[in-house]
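1. I'd like to go over a predicted model; first the sequence, then the structure.
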Amino acid sequence: MKFFVDTADTAAIRDLHELGMVDGVTTNPSLIHKSGRDIKEVIKEIAEMVEGPVSAETVATDADGMIAEGLELKKLGENIAIKVPLTWDGLKACKKLSGDGHMVNVTLCFSANQALLAAKAGATFISPFIGRLDDINLDGMDLIADIREIYDNYGFETQILAASIRSANHMTEAAKIGADVATAPPDVIRKMAAHPLTDKGLEGFLKDWAATGQSIL
Ligand code: G3P
């Protein structure tokens, strides 16, 4: 499973990138707002830092507007994936942009039918929002499983990009189901390394080691 980082915080991306944990980056208008930075400046900086796809989201609500904005964002780097919402106009924009050879990430996906339409429209990535489904007492992971089954039934090449990930457990579940990519905030990726038995075990080893009075160096 590829790891994308869901943030526009360049320091956090750099930190994870040095560890080889960043296969790509996803952003959205809320994350740009949170960064406090100019969208073009920050997306360009990220696209230069990371080799993999960097999703930059359009904000127009009509297909022509999305296409124009997408082409403008694409100028920021060859690895830009143009992000459009899963609306009818978003599907039209996806069809045109992907047909012209651009990577397209179709976002705000909340149903298997929406994912099916995005694949038919040639999406490079489909972004089902797990956490937001869980928020309304549905099971976001069921949606990932449904999309996996449907795409595999027909050999669709659209990659399932599990999004709105809120916990390390979401990462495990998405990987078990076979999501192609998971995009998670930096703190969730760091939490994947944590285990209380690791901490406890290390504490015990260090205590016993100190009692030996030895040193390795
Ligand atoms: O990848 C989509 C993500 O940014 C949305 O996450 O936590 O706002 O639902 P969240």
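-> That came through fine.

2. Look at residue 48 and give its secondary structure.
-> Under DSSP: H, G, I helix; E, B strand; the rest coil, residue 48 falls in the helix class.

3. can you tell me which helix or strand residue 137 belongs to?
-> Assigned by DSSP states H and E, residue 137 falls within no helix or strand.

4. And for the one 10 residues further on?
-> If you go by DSSP H and E, residue 147 is part of helix 140-154.

5. Any part of the helix or strand following that helix near the ligand?
-> Sequence-wise, the next helix or strand downstream of helix 140-154 (DSSP H and E) is strand 159-162. No: using Cβ under 6 Å from any ligand atom, strand 159-162 never reaches the ligand; the gap is at least 8.0 Å. C-beta: built from backbone N, CA, C; applies to glycine.

6. Against which helices or strands is the helix or strand just after strand 159-162 packed?
-> Downstream of strand 159-162, the next assigned helix or strand under DSSP H and E is helix 168-177. In terms of contacts (3 or more Cβ pairs under 8 Å, 6 or more residues apart in numbering; DSSP states H and E), helix 168-177 is packed against helix 130-135, helix 140-154, strand 181-184, helix 186-191.

7. 7 Å - rerun?
-> Judged by 3 or more Cβ pairs under 7 Å, 6 or more residues apart in numbering; DSSP states H and E, helix 168-177 is in contact with helix 140-154, strand 181-184, helix 186-191.

8. Show the average pLDDT along the longest one.
-> Predicted confidence along helix 140-154 averages 98 (mean pLDDT).

9. what about stretch 183-193, start to end distance?
-> End-to-end distance for stretch 183-193: 16 Å, by Cα to Cα, to the nearest Å.

10. Give me the contact status of that stretch with the ligand.
-> Yes: using Cβ under 6 Å from any ligand atom, stretch 183-193 reaches the ligand at residue 183.

11. Could I get the contacting residues of the nearest residue in space to residue 6 that is not next to it in sequence?
-> Spatial nearest neighbour of residue 6, chain neighbours left out: residue 183 (4.3 Å); criterion: Cβ to Cβ, 6 or more residues apart in numbering. Residue 183 makes contact with 4-6, 26, 161, 163, 165, according to Cβ atoms under 7 Å, 6 or more residues apart in numbering.

12. Tabulate those (CSV), appending neighbour count.
-> Converted to CSV, those look like this (neighbours: other Cβ atoms under 10 Å):
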residue, neighbour count
4, 28
5, 27
6, 22
26, 26
161, 29
163, 30
165, 24
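
13. Next, format these as a markdown table and append distance to residue 191 and pLDDT.
-> What follows is those, written out as a markdown table (distance: Cβ to Cβ, whole Å; pLDDT from 0 to 100):
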| residue | distance to residue 191 | pLDDT |
| --- | --- | --- |
| 4 | 16 | 98 |
| 5 | 13 | 98 |
| 6 | 14 | 98 |
| 26 | 18 | 98 |
| 161 | 20 | 98 |
| 163 | 17 | 98 |
| 165 | 11 | 98 |
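
14. Relative to the whole chain's centre, how far out is the longest helix belonging to the chain?
-> Of all segments of type helix in the chain, defined using DSSP state H, the longest is helix 196-212. Its chain's C-alpha centre and that of helix 196-212 lie 36 Å apart, by Cα atoms, centre = their mean, to the nearest Å.
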